[in-house]
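Enquirer: Mind looking at a prediction? Sequence and model below.
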Amino acid sequence: MIDYRPIENHIRHARLQRSAEIGELIADGIVAAWNVIDRAASQIAAKARNLAKPPEEYSTALPRHF
């Protein structure tokens, strides 16, 4: 009778290794996507702040006398 346990163990180890590598690829993709989204959100927020800031001549505050 042939003992297939070493072969099965080898296959199981190879599958675990492949799963770990796929998990790392997925994690790297998520981190890369997060970095892109974070940079884009920062740029959009900066643009929105600039657009929301009223010009000096439109100020409703009392005139400044310096």
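Expert: Looks like it arrived, so ask away.
Enquirer: show me where pLDDT drops low in this protein?
Expert: Within the chain, the segments meeting pLDDT under 70 span 56-66.
Enquirer: give me that answer again for 90
Expert: The model of the chain has pLDDT under 90 over residues 1-2, 50-66.
Enquirer: Taking the centroid of it, which residue is nearest it?
Expert: Trp34 (0.9 Å; C-alpha atoms, centre = their mean).
Enquirer: Please identify which helix or strand holds it.
Expert: Assessed by DSSP states H and E, Trp34 sits inside helix 5-52.
Enquirer: How about Ile2?
Expert: Using DSSP H and E, Ile2 sits in no helix or strand.
Enquirer: going forward can the numbers begin at 24, since that is how I track them
Expert: Noted, 24 is the first residue going forward, which turns the last one into Ile25.
Enquirer: Now for it, how many residues are close by?
Expert: For Ile25, the count of nearby residues is 5 (other C-beta atoms under 10 Å). The C-beta positions use only the backbone N, C-alpha and C, and glycine is treated the same way.
Enquirer: Against Glu31, how distant is it?
Expert: According to C-beta to C-beta, to the nearest Å, Ile25 stands 12 Å off from Glu31.
Enquirer: And for Arg72?
Expert: Between Arg72 and Glu31 the distance is 61 Å, computed by C-beta to C-beta.
Enquirer: one step back: give me the distance between the residue nearest to the centre of the chain and Glu47.
Expert: 15 Å.
Enquirer: cool, and Ala71?
Expert: Separation of Ala71 from Glu47 (C-beta to C-beta): 36 Å.
Enquirer: do Asp26 as well
Expert: Asp26 sits 33 Å away from Glu47, going by C-beta to C-beta.
Enquirer: So which of the two has more stuff around it?
Expert: Just comparing Asp26 and Glu47: by other C-beta under 10 Å the higher neighbour count belongs to Glu47, 10 against 7.
Enquirer: Give the burial count for Arg28, as a bare number.
Expert: Applying other C-beta under 10 Å, we find 8 residues neighbouring Arg28.
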